[in-house]
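Novice: Make a model of this:
(one chain, ligands or ions: 2)
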Amino acid sequence: MKIGIVGAGSIGLLFAAYMNGLFDVTVYTRTIGQAERINRNGVRLVKGAGPLTANVRAKALGTGPMDNDLTIIAVKQYQLESVLSHLPAKGALLFLQNGMGHLRLLEQLNVEAIYVGSVEHGALRETPDTVSHNGAGLTRVAVFRGSPDLLEKVASLLSDTFPMKLEPDFYEMLAGKLAANAVINPLTAILGVRNGELVENPRYEKLLEKVFEEAAAILGFKDPQDRLANVKRICRNTSENRSSMLKDLDAGRPTEVDAILGYLLDEADDREMAAPLLRAFYEMIKGKDSNGRESC
Ligand SMILES: NC(=O)C1=CN([C@@H]2O[C@H](COP(=O)(O)OP(=O)(O)OC[C@H]3O[C@@H](n4cnc5c(N)ncnc54)[C@H](OP(=O)(O)O)[C@@H]3O)[C@@H](O)[C@H]2O)C=CC1
Ligand SMILES: CC(C)(CO)C(=O)C(=O)O
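Specialist: Ligands and ions are numbered 1, 2, ... in the order given. Model (predicted):
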């Protein structure tokens with residue numbers, strides 16, 4: 001089965017390294033230089049047992065036709081618009097972005113099968129061809145549109161070392177991950193800590209619970225205790241990881257705060273709900289994001 005992966009960052013390289021061998025994988029990069037480097041060296045995966053090299057094929061996006069059974073889109077939420085026009089009309093698409101802001105974009109796509117996923121791994125691209133797997137978790141996937149057949153096939157072929165779990169309801173699945181990112185990402189980014197510290201430090205844990213309460217109320221969770229337990233489990237599973245928001249701020253890159261807290265605050269506004277902690281963290285992240293130069 002042919003798999004395309006658009007975006008050779010932390011998650012794109014992680015998926016490429018684990019899926020290569022089981023599938024015929026092509027990675028689509030932003031630059032020709034990165035594609036040449038991957039074609040020369042493969043993708044180096046660094047994890048507990050020592051590094052492994054996967055001989056993955058790479059091409060720069062937009063430099064030729066894409067002919068894959070499944071194309072996985074692993075760019076940041078705010079980069080999606082730059083790749084949409086290059087995506088094939090044939091074959092299925094799987095979007096792995098955090099947050100829920102991208103759902104309105106997916107509705108406009110003229111593709112038969114669209115899947116969404118929620119990644120509970122921690123990964124960091126160390127160099128253009130090397131990725132560290134800092135926290136092993138699970139990838140949850142669900143159908144957004146079309147038949148689940150292909151997704152079921154892919155999930156069944158992936159081994160226990162890189163499990164993929166098919167969930168029945170995409171909204172419920174993404175809402176669960178959104179709650180996790182709404183809590184873990186801004187707290188770790190502002191406190192400057194690893195994910196694990198949020199549950200290792202009792203004061204941070206209390207703050208995590210308060211922020212979670214606001215997100216859970218906006219998302220209307222019927223099982224908030226189970227959802228909170230899941231957020232804490234993600235903190236423990238990715239304990240050594242620095243969240244993507246913390247890494248983005250450190251690297252001076254834009255964050256996905258609009259897709260995560262911005263989305264929740266819009267929902268809160270629509271329903272006239274107060275969310276003072278989420279609003280405070282949103283302003284703090286926006287203030288650090290581009291040094292607050294963006295207009296309010
Ligand atoms: N990293 C993590 O641990 C986790 C990340 N996620 C989510 O996964 C998604 C991807 O995150 P992550 O991998 O960390 O992000 P990265 O910034 O590491 O990777 C994004 C990649 O997309 C590439 N890209 C951007 N625009 C284009 C384009 N037009 N054409 C081709 N490639 C493009 C970038 O290229 P270039 O480098 O050349 O700019 C970069 O390699 C995000 O939504 C994130 O929230 C979810 C769970 C964990
Ligand atoms: C799973 C987690 C919290 C891993 O850090 C993540 O999604 C992120 O960093 O954006």
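Novice: Show me which residues of the chain are close to ligand 1?
Specialist: Counting by CB under 6 Å from any ligand atom, the chain comes close to ligand 1 at 6-12, 28-31, 61, 74-77, 79, 82-83, 96-98, 119, 121-123, 125, 244, 256. Just so you know, the C-beta spots here come from the backbone N, C-alpha and C atoms, and that holds for glycine as well.
Novice: which of the residues you listed count as buried?
Specialist: For these, a burial check counting by 16 or more other CB atoms under 10 Å picks out 6-12, 28-30, 61, 74-77, 79, 83, 96-98, 119, 121-123, 125, 244, 256.
Novice: Among those residues, which ones lie close to ligand 2?
Specialist: N98, G122, S244.
Novice: among the residues you listed, which are in strands?
Specialist: In strands, judged by DSSP state E, the following of those are found: G122.
Novice: which among the ones next to ligand 2 among the buried ones among the residues of the chain next to ligand 1 gets closest to R140?
Specialist: Closest to R140 out of those is N98 (12.4 Å), distances taken as CB to CB.
Novice: Name all residues that make contact with that closest one.
Specialist: Q77, S118, V119, K177, L178, N181, N185, S244, E256, A259, I260 (CB atoms under 8 Å, 6 or more residues apart in numbering).
Novice: Got phi/psi on it?
Specialist: Taking degrees, to the nearest 10, you get phi -70, psi 160 for the backbone angles of N98.
Novice: And the helices in the protein?
Specialist: Secondary structure of the chain by DSSP state H: the helices cover 10-19, 32-41, 80-84, 103-107, 149-157, 170-191, 197-200, 202-219, 224-237, 244-251, 257, 263-270, 276-288.
Novice: pLDDT on the first one, on average?
Specialist: Right, the one you point to is helix 10-19. Averaged across helix 10-19, the pLDDT comes to 97.
Novice: One more: the second one?
Specialist: Per-residue pLDDT values across helix 32-41 average out to 98.
Novice: For Y204, see how far away G122 is.
Specialist: Going from G122 to Y204 by CB to CB, to the nearest Å gives 18 Å.
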